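Novice: sequence plus the predicted model coming up.
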Amino acid sequence: MRRLNGVIDMTADLVRALVAEQFPDWSGLPVTPVARQGWDNRTFRLGNHLAVRLPSAEGYVAGIAKEDRCLPVLAAHLPVPVPAPIATGQPGAGYPFPWSVRRWLPGDTVEVARDVDRTVLAQDLGAVLSALRATPPRQGPA
């Protein structure tokens, strides 16, 4: 694994190595990078139904455990699909942080989605935010 200016070079080959080492049952699944990446994680498709998320720096590692704990709670209360945690990987194959496997949720980002009714989108977003606000806080992070 390469580092350029302290940044970890996360590639499909790295993900294949991590999966083969820790989750050999999935080692035959294709690994492809997701076109639109975030800042705190790099995401790769693992087959058709899974996604692998790798924290891009140490400061984002705590999010793995938080998501493992909170996503199932949110899934029980939100009117939209939530990327359920499937497995958590440990450092390995030269990668220094824990990482996660989630259910893949198909779709597009709003800016590239075609034929989006923005009024319906706003109403749906409002419903999700209302449901999120109504989620019992006792199991969530402070």
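Specialist: Everything's here; your move.
Novice: which strands or helices does the helix or strand where residue 100 lies pack on?
Specialist: Using DSSP states H and E, residue 100 sits in strand 99-103. With contacts defined as 3 or more C-beta pairs under 8 Å, 6 or more residues apart in numbering; DSSP states H and E, strand 99-103 has these neighbours: strand 50-55, helix 62-75, strand 85-89. The C-beta positions use only the backbone N, C-alpha and C, and glycine is treated the same way.
Novice: if the most centrally placed residue in the chain is in a bridge, with which residues?
Specialist: Closest to where the C-alpha atoms of the chain average out (C-alpha atoms, centre = their mean) is residue 53, at 4.8 Å. Beta-bridge pairing for residue 53 (DSSP bridges): residue 43, residue 100.
Novice: wait, it touches residue 98, no?
Specialist: No. Contact criterion C-beta atoms under 8 Å: residue 53 and residue 98 do not qualify, at 10.3 Å.
Novice: identify the contacts common to those two.
Specialist: Between them, residue 53 and residue 98 share these contacting residues under C-beta atoms under 8 Å, 6 or more residues apart in numbering: residue 64.
Novice: not counting its own residues, what contacts the longest helix along the chain?
Specialist: In the chain, assigned by DSSP state H, the helix with the most residues is helix 118-134. Contact partners of helix 118-134, identified using C-beta under 8 Å, 6+ apart, comprise 74, 77, 78, 79, 80, 110.
Novice: again, only using 7 Å
Specialist: Helix 118-134 is contacted by residues 77, 78, 79, 80 when judged by C-beta atoms under 7 Å, 6 or more residues apart in numbering.
Novice: which of those residues are buried?
Specialist: Neighbour counting by 16 or more other C-beta atoms under 10 Å classes residue 78 among the contacts of helix 118-134 as buried.
Novice: which of the contacts of helix 118-134 sits closest to residue 26?
Specialist: Residue 26 has its nearest neighbour among the contacts of helix 118-134 in residue 80, at 25.8 Å by C-beta to C-beta.
Novice: nothing else from me, thank you.
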